[in-house]
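Undergrad: build the 3D model from these lines:
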Amino acid sequence: MSTKIKASKGDLFSIQLSSETFALGQIVETVGDLLYLVVFSQKFESEIRDFNIEKMEIALASLSTDAKIWQGHWPILGNTTKNLNSIPKPFFKVHFYEEDQYFIESLTKDSIRPALDEELSKYPNRFSITPKRLENATKAYFGFEMWDERFNKLRFHA
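TA: A predicted model of the protein is given here:
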């Protein structure tokens, strides 16, 4: 019987792009049963090493589940939280139908306020994707698969 791997805030994990190429991802936040994951813009040949996490740029980000981590498909390489405060967290627009009003909500849902009209086009609706879609977007970002326009909303914006 296999033991499932528990994902934690700050975990660094690898995403295999090809037999010898990898991307580095990190769990930035846990939000209920979802994780806010980022994928960095640097690819690594043969193994992931020699990087300064605090200087790495982020390519992709999304809410997703931990399925690829607990199954061992995205191996955990270590854990660090020293860079997490410098990563901007997204805000989302949410619609409360009872009040027929839009609100702006923080990633962790601990802050919410009425939306201004000009913000309705600025913030996306809250969404999450499967880990497989994030993996496919990562492979496409690095040129190992075709870019799908549905991946555009995963591009990281600081």
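Undergrad: who's in contact with stretch 115-131?
TA: 34, 62-69, 73-74, 90-95, 101-105, 153-154 (CB atoms under 8 Å, 6 or more residues apart in numbering). Glycine gets a C-beta too; all of them are placed from N, C-alpha and C.
Undergrad: buried ones among those?
TA: Buried subset of the contacts of stretch 115-131 (neighbour count, 16 or more other CB atoms under 10 Å): 34, 62-66, 68-69, 73-74, 90-94, 102-105, 154.
Undergrad: in helices, which of these fall?
TA: 68, 69 (DSSP state H).
Undergrad: can you tell me the SS state at the residue nearest to residue 59 when sequence neighbours are not counted?
TA: Spatial nearest neighbour of residue 59, excluding adjacent residues (CB to CB, 6 or more residues apart in numbering): residue 41 at 4.0 Å. When classified by DSSP: H, G, I helix; E, B strand; the rest coil, residue 41 comes out as strand.
Undergrad: and for residue 41, the neighbour number?
TA: 15 (other CB atoms under 10 Å).
Undergrad: wait, doesn't residue 23 sit right on residue 38?
TA: No: contact status for residue 23 versus residue 38: not in contact, 10.6 Å apart, counting by CB atoms under 8 Å.
Undergrad: how close does the closest residue to residue 69 other than its chain neighbours sit to residue 131?
TA: Distances taken as CB to CB, 6+ apart place residue 7 nearest to residue 69, at 4.6 Å, with adjacent residues excluded. Here the criterion is CB to CB, to the nearest Å. By it, residue 7 lies 11 Å from residue 131.
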